[in-house]
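Engineer: Got a sequence here, can you build the structure:
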Amino acid sequence: MKTCLILLILTLTSAIPTKADPMTAGELAAECRLHADGGTPQTLLESLSTGHCQGYVQAWMEMSVIRTVGGPDQIVVLSWKDGVKVGQVIRVFCLFIKQHPEKENELAVAKLLEAMSDANLVEFKPWKPKGA
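Structural biologist: Numbering: from 1, shown residues only. As a prediction, this is how the structure comes out:
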């Protein structure tokens, strides 16, 4: 009986889809569309997608230090303009992807930053260690 239970658990967990690749901008936009359109989730799947979208964007917004491409010694702090909320970021991002479908296969985090920069919702300030 114990062996059957273990085999059942292994079978069920192996059936859960997993994804090792980072999320693309198109995938994030697909999960955020209902929220961006102002709709209310009608199904469990829509609720899960909306929650995943909001959680992803909020976590991304809370990130504050970014290493620039120039090298490890070039670090900037991402500063949000006053009053920017998660819902606004989602709407701006979805509009950005709708206007730039060629960027759907690029990394979501990079396109979020590009969309917010284009919309002038963020500022970049050089990072200085405390006491420097």
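Engineer: residues making contact with stretch 48-63?
Structural biologist: 23, 28, 30-32, 34-35, 41, 78, 80, 84, 86, 89-90, 93, 108-109, 112 (CB atoms under 8 Å, 6 or more residues apart in numbering). Bear in mind the C-beta positions are built from the backbone N, C-alpha and C, glycine included.
Engineer: Buried only: go through the residues you listed for me.
Structural biologist: By neighbour count, with 16 or more other CB atoms under 10 Å, these hold 28, 31-32, 34-35, 78, 86, 89-90, 93, 108-109, 112 as buried.
Engineer: Beta-bridge partners for residue 123, please?
Structural biologist: According to DSSP bridges, the residues that bridge with residue 123 are residue 79.
Engineer: Which parts of the protein are strands?
Structural biologist: 65-67, 75-80, 122-126 (DSSP state E).
Engineer: Reformat those as TSV; add mean pLDDT.
Structural biologist: Compiled in TSV, those are given as follows (pLDDT from 0 to 100):
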stretch	mean pLDDT
strand 65-67	57
strand 75-80	77
strand 122-126	80
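Engineer: May I see the buried residues of the longest helix belonging to the chain?
Structural biologist: The residue-count maximum for a helix in the chain (DSSP state H) belongs to helix 44-62. For helix 44-62, burial by neighbour count (16+ other CB under 10 Å) applies to 46, 49-50, 53-54, 56-57, 60-61.
Engineer: list the contacts for the nearest residue in space to residue 116 that is not next to it in sequence?
Structural biologist: Using CB to CB, 6 or more residues apart in numbering and skipping residues adjacent in sequence, the residue nearest residue 116 is residue 122, 4.7 Å away. Residues counted as contacts of residue 122 (CB under 8 Å, 6+ apart) are 78-81, 84, 113, 116.
Engineer: Just flag the most distant two among those.
Structural biologist: Maximum pairwise distance among the contacts of residue 122 (CB to CB): 14.3 Å, between 81 and 113.
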